[in-house]
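In: here is my input; please provide its structure:
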Amino acid sequence: MTDVQHLSTASLPLPATDLDPETLGATVKEILAIRLRVAPDHLSDALTLEDLGMDSLLLAESLTALESRFDVVIDALRFAERLTPSLALGELVTELTAQIGAAR
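Out: Model prediction:
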């Protein structure tokens, strides 16, 4: 597969129904890693949004990318009060995975 093919298929919606929760969580983390411009294996679940430099704009862009990738609507208000700089990445991934999985 060429880089162009990879990029074009990476933007196609991926049905969440085809993924088990572990794979879905890993895919969410990969998409966040792309937005953060780091390798997914450098993203520890214990890192906070502040540690990662994820501000509200970057988070909004990440949510939009996840919605497009999985063809779902993510209700950010559902966990908005927990979206603080001290929120651990693992907690964010768990919440997003649950929402995407529930939208199946």
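In: most centrally placed residue in the chain?
Out: V28 (3.5 Å; C-alpha atoms, centre = their mean).
In: and that one, what element?
Out: V28 belongs to helix 21-36 when assigned by DSSP states H and E.
In: got a list of contacts for the helix or strand hosting V93?
Out: Under the criterion of DSSP H and E, V93 resides in helix 89-102. With contacts defined as C-beta atoms under 8 Å, 6 or more residues apart in numbering, helix 89-102 is touched by 16, 21, 24-25, 28-29, 32, 43-49, 52, 63, 66, 70, 72, 74-75, 78-79, 82-83. The C-beta positions use only the backbone N, C-alpha and C, and glycine is treated the same way.
In: what stretches of the protein score poorly on pLDDT?
Out: Per-residue confidence for the chain (pLDDT under 70) gives these ranges: 1-18, 104.
In: if we can go back for a sec, contact partners for the residue nearest to the centre of the chain?
Out: Contacts of V28 by C-beta under 8 Å, 6+ apart are 66, 93, 96-97, 100.
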